[in-house]
Structures are given as structure tokens and as C-alpha cells.
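>>> here is the input, now give the coordinates:
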Amino acid sequence: MHTKEHNGLHQAFQYLSTFSAHSLFNRKSKKLLLNDTGSIMTQEDSSSLEDDYSPFTSRSNSNITISSIEYTTSTKDTTHEPWRLLEDGQIHDDYFFSDRQDLLYTTMNDIIERDSYGFKRPTQWIKIKHLHQFDIYYQPILDKQQHIWNTMLNEFHNIYPPADNFILKTNVRNGIPSQHRGKAWVHYSGASTKMKANPELYESLVNTAISMGEHNEYAEIIQRDLHRTFPDNSKFACGFFTQTDGSIMMESFETNKKLSALRRILLAFSVHSPQIGYCQSLNYLAGFFLLFVEKEEEAFWMMVATVHDYMPENMYDVTMEGANMDQAVLMMFLKERLPKNIWEKINSNDNGLPPITLVTSHWFLTMFINILPVETVLRIWDCFFVEGYSVMFRVALTIIQMNKDRISKLQDPIEIFQILQNMPRRLIDCVTFMEYVFSDQNLFAVVDQEHIVDKRNRFKSSRKFC
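Numbers count the residues shown, from 1 in each chain. Model prediction:
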């Protein structure tokens, strides 16, 4: 039987997901080789076939810091570049909490700009001049990333190092360059192993799902969510046409290759994982994968690996018990480490989970898509697929910690919703943000998979006596 708390969380997520759309397994050790054209080829390493791998194993190295690699960047000018964070995680209230009305006139008169991934630049949250400042600041860092990764692969004889390699972890925390990102995700997540072990399964699942037609109970909602997934991304956009009666209609998803692939992936996943079927947020994950991996089949297996090997059990099924459990764990961390007066602001609900979990649960389910700027999401995912699920907690806890001073001054605790929904959308300074996520100055720097499992067990034990 599902509790009201579970159902309430599920309903709240359905709302938040729709709102955002509009604004362990064993794996074989592999080698990825660069061919003459620079493309990466995969080769099984027969000497390591018995190695066990689990993304739930803590892969963090406490002595790794972002500053292990030096980037030559300009001195911070936080007066004219208010989007830049300070090393101690401090933020500029005038920038992060400015009224969106201040951007209205600018947004309406700006030419629509898009990033290299097809997304509209978030000018409804960030002034275009600040986005351009960030572009100038970030380009040398991207160039440095590329140089460092090329050097690393050369030193490792054009093979991706093991996930627990010190140099790799340091470089991943500094960002995976676009040339390697999709391949690295597929490799380190174990998706490539799954795909090779089941070479014809995806096509079979797609054919089965399509042949089921309306007998697949998820087909209709999947169809409905296609156009809601990334409506502002040019690669997922469909054209419009005028009917004879003068009404304007959107073209079918079949006219867009990305939407067609998204539909096939979601339908195949609903057959592959019937205990889950389909849940809003899976469309965002699948869509994001399609933007960064080379093949549709790779995106499908990335979904499988992410949901079944990284996320807790029952995260996306109808009970959402995994999501509920990890929100309880998140609150345990906050209660233990935040000052008492701030925790009391957060925990305004004596019964059940604090209200902010209606927001933070959405962070976990979508892995911060539509929550943080795209480049910041990518930097988080880079670390997630190499270091594991604990990265989600460290990021979420860091965002809340960065807002602790403002939360402490609130008269009405309900205003926390506005803070946690709006502030993250302006976190374009992904470099300093990721530095702080892994910084020793961070209150939650010690959070790892062992701590998470311990708190999950405590939560499960407490439920037995309820």
C-alpha cells in the first residue's frame, strides 16, 4: 500500500516536471583506443574479465582537489561579473536573487541565442552580457580541458584509465571535453558493456513496444511528453503548418529525428523495465543522452545503466520509495551539519519530510536538468558517471549550503521554495561551483557512498517501527 506521503511526492513531482518542461552489475574491463582519425574504439581487456565493478562503490578520493590542475583565468571581478562565485561558496545576493522583471525588457528585445547544444540561452534568468562574459572566461578553460585530456590519453597509450585512477578523477572534476564526453559516459557507466553483451536486444525491444501499440499502457503518456521534453532546444523542435481553417498546428514528432529516437528509447525502456514502465523525468534523461552520445542505442543503454546501476531501487516506479528514501537521507545530512536555526527554517513540517523535498526530489529525479544551467549540469554528470551517485548528494547539499545565510533571514519558511527554485538557474560559474562541491571548506565534503548507505539503513529501520 502506498502512503499519502509517497503519493504526495509523486503528484508534486508530476507538477514540477511539467512546469520545468515549459520554462550493479559486473562489467568487464575495457580499453578504448584512438584510431588514426581520432575516434575511440573499444577493445575488451581479457586480463581483467573477472573484475567486479559497481557504481555504488565510493569512488571519491578525498585528497583530489580541482586545483590539482591549474587553469590560467582572469582575476575575478565580482563587481562587473556578479555571476562569478567566491572560492568559499559565497554568492552575490543582488545577482542571484534579483527580480526577473529586471530582465523582462532585455529578454524581449534580445535576439535569440543558442548554445552549442541547441538550447536557448537562459536570458530569462541571466543577462545576455553576463552570458557573453562567461563565454569569454570559459573558452580558455575548454581549450585547457582538451589539451589535458589529449595529454592524459597519450600518457595512457590512448586508453581511458580505470575509474579509480587519480589522474582521471582529477581531470574529470575539471570537466570532460566535448570530444570525449559522450564516449567517456558510455564507457565509465558500463553502458558499452551492456550493449555489447546484448547486441540485438534494443532493436527487439523497440519492435516489441511498437507492435504492442495502445496495449502498452505507457505509450500515450510517452507520446504526450515528447514535445514537452526540450521545447526550447532546436534539435528537438518541430515545425508548424497552417491548416485550411487557418489554425496553426505543430508537425508530427516523426519529422524530427531526435524526437523519434526519444520515443523509441522510452518505449523500449518501458518494455525492458516493466516494473518502472515510464515516469516523467526519464524523458529528460533520455533526451540529454541523445544530445551527447553518438548512437541511439548508446542512449538507451545509458538510461538502463543510470536507472538500474546508479540510482536507488524504486526511484522511478509508481511508489517512488527510492526517491522518498533519499530525500530523507538528504534531510538527515542537513540536520546534522547545518546550524540549528537554519535547519528549523527548513524543517517547518513536524510530520513527514520537510516541504523543500518537493523541490529537491525533482533535482535528483532529473539529475538537475532544467534546474541548473546546461554547462553546470554537464560538469556534474561528468563526475557522476565516474565517481558515482554520491555526487548527486554533494551537489544538492552544496546548493542548499550556499543559500544558508539567506534562509536564516527568512520570516516565512515558504520562501525557501523560491530560493531553491530560482537561485540554481543562475549558477553559470560551473568552474568555481564544482571546485566548492569538492572543497574541504564545504560542510558536506565528507559525504560519500558509505555515509549515504548508512543513513538509508537508518531510514529503513525507522520505517519498521512506524
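>>> can you mark which positions in stretch 158-166 are buried?
For stretch 158-166, burial by neighbour count (16 or more other C-beta atoms under 10 Å) applies to 158-161, 163, 165. Where C-beta positions appear, they are placed from N, C-alpha and C, glycine not excepted.
>>> and Ile369, that's in a strand?
No: Ile369 is assigned coil when assessed by DSSP: H, G, I helix; E, B strand; the rest coil, not a strand.
>>> which elements pack onto the longest helix anywhere in the chain?
Using DSSP state H to define each element, the chain has its longest helix at helix 128-155. Contact here means 3 or more C-beta pairs under 8 Å, 6 or more residues apart in numbering; DSSP states H and E; on that basis helix 128-155 packs against helix 166-173, helix 178-189, helix 430-437.
>>> what separates the last one from the chain centre, distance-wise?
So the one you mean is helix 430-437. Taking C-alpha atoms, centre = their mean, to the nearest Å, the mean C-alpha location of helix 430-437 is offset from the chain mean by 15 Å.
>>> okay, the helices and strands packed on helix 128-155 in JSON lines with distance to Glu87 and mean pLDDT next?
Formatted as JSON lines, the helices and strands packed on helix 128-155 follow (distance: least, C-beta to C-beta, whole Å; pLDDT from 0 to 100):
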{"stretch": "helix 166-173", "distance to Glu87": "15", "mean pLDDT": "96"}
{"stretch": "helix 178-189", "distance to Glu87": "26", "mean pLDDT": "97"}
{"stretch": "helix 430-437", "distance to Glu87": "7", "mean pLDDT": "96"}
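>>> need those helices in a markdown table (columns: distance to Leu285).
Formatted as a markdown table, the helices and strands packed on helix 128-155 follow (distance: least, C-beta to C-beta, whole Å):
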| stretch | distance to Leu285 |
| --- | --- |
| helix 166-173 | 20 |
| helix 178-189 | 12 |
| helix 430-437 | 20 |
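>>> so after whichever strand or helix holds Ala268, what's the next helix or strand?
Assigned by DSSP states H and E, Ala268 belongs to helix 257-272. Counting by DSSP H and E, the element after helix 257-272 in chain order, helix or strand, is helix 282-292.
>>> just want the angle from the helix or strand following that following helix to helix 178-189.
With elements assigned by DSSP H and E, the helix or strand that comes after helix 282-292 is helix 296-305. Interaxial angle, helix 296-305 versus helix 178-189 (axes from the mean of the first three to the mean of the last three C-alpha atoms, to 10 degrees): 50 degrees.
>>> quick one: list the elements packing against helix 296-305.
Using 3+ C-beta pairs under 8 Å, 6+ apart, helix 296-305 sits against helix 178-189, helix 191-197, helix 201-212, helix 257-272, helix 282-292.
>>> show me which residues of the very next helix or strand once past that helix are buried.
Per DSSP H and E, the first helix or strand lying C-terminal to helix 296-305 is helix 321-337. Within helix 321-337, the residues that qualify as buried are 321-334, counting by 16+ other C-beta under 10 Å.
>>> in stretch 203-218, what counts as buried?
Quick answer for stretch 203-218 (16+ other C-beta under 10 Å): 205-206, 209, 216, 218.
>>> where does pLDDT dip in the stretch 351-466 of the chain?
464-466 (pLDDT under 70).
>>> now for the residue most central in space within the chain: which residues touch it?
Centroid-nearest residue in the chain, with C-alpha atoms, centre = their mean: Met367, separated by 3.0 Å. With contact set as C-beta atoms under 8 Å, 6 or more residues apart in numbering, Met367 has these partners: 284-285, 306, 377, 380-381, 384, 392.
>>> dump the residues you listed to JSON lines, plus distance to Leu85.
Converted to JSON lines, these look like this (distance: C-beta to C-beta, whole Å):
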{"residue": "Tyr284", "distance to Leu85": "26"}
{"residue": "Leu285", "distance to Leu85": "27"}
{"residue": "Thr306", "distance to Leu85": "28"}
{"residue": "Val377", "distance to Leu85": "16"}
{"residue": "Ile380", "distance to Leu85": "15"}
{"residue": "Trp381", "distance to Leu85": "20"}
{"residue": "Phe384", "distance to Leu85": "21"}
{"residue": "Met392", "distance to Leu85": "20"}
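>>> nearest to Lys196 among these?
Nearest to Lys196 among the contacts of Met367: Thr306, at 17.6 Å, using C-beta to C-beta.
>>> right, and the closest one touches Leu285 too?
Yes: using C-beta atoms under 8 Å, Thr306 is in contact with Leu285, at 6.3 Å.
>>> just to revisit the earlier point, and the helices and strands packed on helix 296-305: which comes nearest Gly118?
helix 282-292 (7.2 Å).
>>> and the closest one with helix 178-189, angle?
Using the same axes, to 10 degrees: helix 282-292 against helix 178-189 is 130 degrees.
>>> where does the stretch 101-250 of the chain dip in pLDDT?
Using pLDDT under 70, the stretch 101-250 of the chain drops low at 101-110, 239-250.
>>> so which of the helices and strands packed on helix 296-305 is nearest Ala237?
helix 257-272 (8.8 Å).
>>> CA atoms only: put the closest one into CSV for me.
Only the C-alpha atoms of helix 257-272 are listed here, as CSV (Å, rounded to 0.1, in the frame of the first residue of the first chain):
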residue,chain,number,x,y,z
LYS,A,257,14.9,12.5,-35.8
LYS,A,258,15.7,13.3,-32.2
LEU,A,259,12.1,13.1,-31.1
SER,A,260,11.6,9.9,-33.0
ALA,A,261,14.7,8.4,-31.3
LEU,A,262,13.4,9.6,-27.9
ARG,A,263,10.1,7.9,-28.5
ARG,A,264,11.8,4.6,-29.4
ILE,A,265,14.1,4.7,-26.4
LEU,A,266,11.3,5.4,-23.9
LEU,A,267,9.0,2.7,-25.4
ALA,A,268,11.9,0.2,-25.4
PHE,A,269,12.7,1.1,-21.8
SER,A,270,9.1,0.6,-20.8
VAL,A,271,9.3,-3.0,-22.1
HIS,A,272,12.8,-3.6,-20.7
